[in-house]
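Student: need a 3D model of the following:
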Amino acid sequence: MEWTEQSPVLTMAELLAQSGEAPAHSLGHRPGLRTGLKGLDAVMGGLEPGTLTVLASRPGLGRSTLLQNICQWNAGGTLGGRDEERVVVPVLLASAEQSAEQIMVRALVTAGRVARDHVRTGELVEEDLRRLARARSILEVAPLFVLAPAVLGDGQLMEHARRLVREHQVQLVEVDGLDAVGPGFSLGQAARALKALARELAVPVVATAPLGGVSRRPHWMPALEDLHDEVAFAADTVVLVHREDAYDPTSRPLEADLVVAKARSSRTAIAADVAFQVHYARFADIVSA
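Tutor: From the prediction side, this is the model:
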């Protein structure tokens, strides 16, 4: 079912007429892009066009990693299993947190599954070189656009996004750091601007945001109230990234909780069975034995 906005005001009869003879179970359903994590997709139901999803965490827990993983998965910039059905789409990744070179290195590490320490120190073995060459061949053809200048002026991100949607049919916009919207925007204003952009371009927008304070809850678990109020209000979906081993290395090492703390179109829940492969800069589903 395709919706149009020829008039800003529609009667209920007009809305029903636009829906046609769609089955009752499909009314209101808008197929979304997947994140590449089955547990998270099962809870969220995908990234819907026209919506803003915020990935939030405390520093160093992986929100930028998760953002880029979703970006690469949708742009076909990762290795996929034989049984994996994936629709590759053009993606824009804008960052106020990383340089273009840092994004490139992380992309190679994730796609090739090469240990970051090996790349950082230059101590690469023959297998690493083979994997990096394979990763490069994958990324060279991935429709992934990177916008990571040292400074982005107010409104520049929006202008680039509009142009790339128009000229290259970009279907997913990702923003690492709300500061990328522009220095003249507060966090709340930036979130509202991204929500408006998502609706204008009819694509999902995914952005990262910080959480405040240190949780006194059991297992240091974050909550929606830790996110800036205006950002939480603007977002359609909020996913909180949490790792217990960041606070206690013996507690669930290399595992992560992706907490869907707000969801307008789905349910709130914890996406379980997610591993954080820090050496590959990668989140992955835990495969049961």
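
Student: phi first, then psi, for residue 153.
Tutor: When quoted as degrees, to the nearest 10, the phi and psi of residue 153 stand at phi -70, psi 160.

Student: so what's it closest to, chain neighbours aside?
Tutor: In space, and not counting its chain neighbours, residue 153 is closest to residue 182: 6.1 Å by CB to CB, 6 or more residues apart in numbering. The C-beta positions use only the backbone N, C-alpha and C, and glycine is treated the same way.

Student: gap between the closest residue in space to residue 263 that isn't next to it in sequence and residue 35?
Tutor: Spatial nearest neighbour of residue 263, excluding adjacent residues (CB to CB, 6+ apart): residue 237 at 5.1 Å. With the distance defined as CB to CB, to the nearest Å, residue 237 ends up 11 Å from residue 35.

Student: before we move on, what about residue 180?
Tutor: Residue 180 sits at a distance of 20 Å from residue 35 (criterion: CB to CB).

Student: contact partners for residue 220?
Tutor: 214, 242, 244, 246-247 (CB atoms under 8 Å, 6 or more residues apart in numbering).

Student: so which of these is the most crowded?
Tutor: Counting neighbours by other CB atoms under 10 Å, residue 242 comes out on top of these with 23 neighbours.

Student: pop out the phi and psi values for the residue lying closest to that residue once chain neighbours are set aside.
Tutor: In space, and not counting its chain neighbours, residue 242 is closest to residue 257: 4.4 Å by CB to CB, 6+ apart. Note on residue 257: backbone dihedrals following degrees, to the nearest 10 are phi -110, psi 130.

Student: mind listing what residue 257 touches?
Tutor: Residue 257 touches 221, 240-244, 270-272, 274, counting by CB under 8 Å, 6+ apart.

Student: which of the helices and strands in the protein ranks last by mean pLDDT?
Tutor: Ranked by mean pLDDT, DSSP states H and E, the weakest helix or strand in the chain is helix 12-19, scoring a mean of 74.

Student: now that one: buried residues?
Tutor: By 16 or more other CB atoms under 10 Å, helix 12-19 has no buried positions at all.

Student: quick one: pLDDT of the residue most central in space within the chain?
Tutor: Taking CA atoms, centre = their mean as the criterion, residue 67 is the residue nearest the geometric centre of the chain, at 3.7 Å. Looking at residue 67, its pLDDT reads 96.
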